[in-house]
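Enquirer: Dropping the sequence and predicted coords here.
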Amino acid sequence: GDSVTQMEGPVTLSEEAFLTINCTYTATGYPSLFWYVQYPGEGLQLLLKATKADDKGSNKGFEATYRKETTSFHLEKGSVQVSDSAVYFCALRRKDTGRRALTFGSGTRLQVQP
Amino acid sequence: EAGVTQFPSHSVIEKGQTVTLRCDPISGHDNLYWYRRVMGKEIKFLLHFVKESKQDESGMPNNRFLAERTGGTYSTLKVQPAELEDSGVYFCASSRQGNEQFFGPGTRLTVL
């Protein structure tokens, strides 16, 4: 079945450090890929998405590129802030079945220290 | 526009008891989804409503879970009887057709 694998957390960085959170997936066909973020006490929010190979999603300084060859969708940010501290979830959605369900990874907690 | 709301935010029950979780989607969103995250693991899909109909319930773990969406507005997810392994965070999401899913803050369920 479909699956998403994320790097284990927590990831602890100092402010202004470079961030990479790895995400790889297994799915039939070429799914749409997403990064969601959950800030403390809130629901998941869509951070960015990409719907086809080589697409780059970006938002709030975060970027991720859909790599078909490596089945990856790594999240990056050049300079993190304390306010980026949250749990980040990588997810996919199949396009070939018509199902709307999202398949998530286990989440990666990011802690940014001042 | 109000977001997705869930009630209660936290529930603690004894094994064997019944718990009902409620989700109010964003007004006008016909699609409503339930997910859960157990033991800090991945968030798993439970089911998908389109209006009052169950479009996809392939993720429901067993017959102790019953989801309803009478009238196509709010939804309830009942767990009866609850087991220890049901502990986790239950998320609800809603969307317009084919669009982004907006998530609620979740209900944290603890079964003792």
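Expert: Looks like it came in fine. Computed from a predicted structure; not experimentally measured.

Enquirer: In this structure A:Ser72 contacts A:Cys23, no?
Expert: Yes - contact criterion C-beta atoms under 8 Å: A:Ser72 and A:Cys23 qualify, at 6.4 Å. (C-beta placed from N, C-alpha, C; glycine too.)

Enquirer: Give me the more crowded residue out of the two.
Expert: Each of A:Ser72 and A:Cys23 has its neighbours counted (other C-beta atoms under 10 Å in any protein chain shown); A:Cys23 has more, 24 against 17.

Enquirer: Dig out what that one forms beta bridges with.
Expert: Beta-bridge pairing of A:Cys23 under DSSP bridges involves A:Gln6.

Enquirer: which residues does it contact?
Expert: A:Cys23 sits next to A:4-7, A:33, A:35, A:64, A:72-75, A:90, A:105 when contact means C-beta atoms under 8 Å, 6 or more residues apart in numbering or on different chains.

Enquirer: Give me the three-state assignment for A:Ser58.
Expert: Under DSSP: H, G, I helix; E, B strand; the rest coil, A:Ser58 falls in the strand class.

Enquirer: That one: how many residues sit nearby?
Expert: If you count neighbours by other C-beta under 10 Å, A:Ser58 ends up with 14.

Enquirer: Relative to chain B, how far out is the closest residue to it other than its chain neighbours?
Expert: Distances taken as C-beta to C-beta, 6 or more residues apart in numbering or on different chains put A:Leu48 closest to A:Ser58, at 5.9 Å, once the chain neighbours are dropped. In this view, A:Leu48 and chain B are 11 Å apart by C-beta to the nearest C-beta, to the nearest Å.

Enquirer: List the residues that contact A:Leu48.
Expert: By C-beta under 8 Å, 6+ apart, the residues touching A:Leu48 are A:Phe34, A:Trp35, A:Gly57, A:Ser58, A:Asn59, A:Phe62, A:Glu63, A:Ala64.

Enquirer: of those residues, buried ones?
Expert: Among the contacts of A:Leu48, those scoring as buried are A:Phe34, A:Trp35, A:Gly57, A:Phe62, A:Glu63, A:Ala64 (criterion: 16 or more other C-beta atoms under 10 Å in any protein chain shown).

Enquirer: Specify the local secondary structure of the spatially most central residue of chain B.
Expert: The centre of chain B sits closest to B:Trp34, judged by C-alpha atoms, centre = their mean, with a distance of 3.7 Å. Secondary structure of B:Trp34, reduced to three states by three-state DSSP: strand.

Enquirer: B:Cys23 versus A:Leu13, what's the distance?
Expert: Separation of A:Leu13 from B:Cys23 (C-beta to C-beta, to the nearest Å): 35 Å.

Enquirer: Kindly report the same for A:Glu76.
Expert: 33 Å.

Enquirer: Give me the more crowded residue out of the two.
Expert: B:Cys23 (25 against 15).
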